[in-house]
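Q: structure here, sequence nowhere to be found:
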């Protein structure tokens, strides 16, 4: 594999990893927000 092709391939791999990490973080944030909202809701009832 020539060097330019290899570099491009590496960049694509890194970008894919970053996207996966972003998706995981966004998913975690969503869960945290839902948990926080339900906690606030419970506190308001009490």
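A: Yep, it's here. What you see is a predicted model, and the numbers here were worked out from it, not measured in a lab. Residues are numbered from 1 along each chain as shown.

Q: switch to C-alpha atoms for all contacts and neighbour counts from now on
A: OK.

Q: can you classify residue 5 by secondary structure?
A: Secondary structure for residue 5, judged by DSSP: H, G, I helix; E, B strand; the rest coil, is helix.

Q: tell me how many other residues surround it.
A: Residues contacting residue 5 under the criterion other C-alpha atoms under 10 Å number 10.

Q: contacts only, for it.
A: The neighbours of residue 5, taking C-alpha atoms under 8 Å, 6 or more residues apart in numbering as the test, come to nothing; the list is empty.

Q: again with residue 7
A: Residues in contact with residue 7, defined by C-alpha under 8 Å, 6+ apart, are absent; none qualify.

Q: what's the spacing between it and residue 38?
A: Computed with C-alpha to C-alpha, to the nearest Å, the distance linking residue 7 and residue 38 is 47 Å.

Q: got it, and residue 14?
A: Distance from residue 14 to residue 38, counting by C-alpha to C-alpha: 36 Å.

Q: run the chain-centre distance for the host helix or strand of residue 43.
A: Per DSSP states H and E: residue 43 is located in helix 3-45. Using C-alpha atoms, centre = their mean, to the nearest Å, the mean C-alpha position of helix 3-45 is found 1 Å from that of the whole chain.

Q: report the rounded mean pLDDT for it.
A: When pLDDT is averaged along helix 3-45, the result is 93.

Q: next one: residue 2 from residue 9, what distance?
A: As judged by C-alpha to C-alpha, residue 2 and residue 9 stand 11 Å apart.
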